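In: Just need the structure, nothing else, for what follows:
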Amino acid sequence: MKSSELLVSNLSISEDSYDYRGIFTLSCFEITMTIELSDMDSEETIEEIKEKFSLDEEIATIRKTLMDKVISHSGLSSRNNEGENYNDSTKKKELEKEAKSLDMA
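Out: Coordinates of the predicted model:
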């Protein structure tokens, strides 16, 4: 089996005072494994993934493929946009709309 066939899901990245933590689920068919993003630097973790999913690739290839999948998955847009492109007036309009819907009661 190739690492490109594995599915990355349930990606959760959190931040606490610039301390980032990430966790995701790796799966294929009935086999699943929960992995912390920080453990992806460990050869032992990659070796465990290789054994559990019967992968026939080198450790470096597996790591690169999985990290590419995680990065791609993390790039999916979020419903909450408060980063670089955050627009305060849009948020105000949404709040006003919600407030108006409550006034009808």
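In: and stretch 70-90, average pLDDT?
Out: In this model, stretch 70-90 has a mean pLDDT of 64.
In: same thing with stretch 28-35?
Out: For stretch 28-35, mean pLDDT rounds to 93.
In: If we go by neighbour counts, what in that stretch is buried?
Out: 28, 35 (16 or more other CB atoms under 10 Å). In this view, the C-beta of every residue, glycine as well, is placed from N, C-alpha and C.
In: got the contact list for stretch 33-53?
Out: For stretch 33-53, contacts defined as CB atoms under 8 Å, 6 or more residues apart in numbering pick out 1, 3, 6, 10, 13, 21-28, 31, 55, 57, 59, 62-63, 66-67, 70.
In: what do you get for stretch 9-21?
Out: Here stretch 9-21 has contacts from 22-25, 27, 34, 36-38, 70, 73-74, using CB under 8 Å, 6+ apart.
In: which one of those residues is nearest Glu96?
Out: Nearest to Glu96 out of the contacts of stretch 9-21 is Ser74 (CB to CB; 31.8 Å).
In: show me the contacts for that closest one.
Out: Counted by CB under 8 Å, 6+ apart, Ser74 has contacts 11, 13.
In: Can I get the helix or strand containing Thr45 in CSV? Just the C-alpha atoms.
Out: Using DSSP states H and E, the element containing Thr45 is helix 43-52. C-alpha atoms of helix 43-52 as CSV (Å, rounded to 0.1, in the frame of the first residue of the first chain):
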residue,chain,number,x,y,z
GLU,A,43,11.0,8.1,13.1
GLU,A,44,9.3,5.8,15.6
THR,A,45,5.9,7.3,14.8
ILE,A,46,6.4,7.0,11.1
GLU,A,47,7.7,3.4,11.5
GLU,A,48,4.5,2.6,13.5
ILE,A,49,2.4,4.1,10.8
LYS,A,50,4.3,2.1,8.2
GLU,A,51,3.7,-1.1,10.1
LYS,A,52,0.1,-0.5,11.0
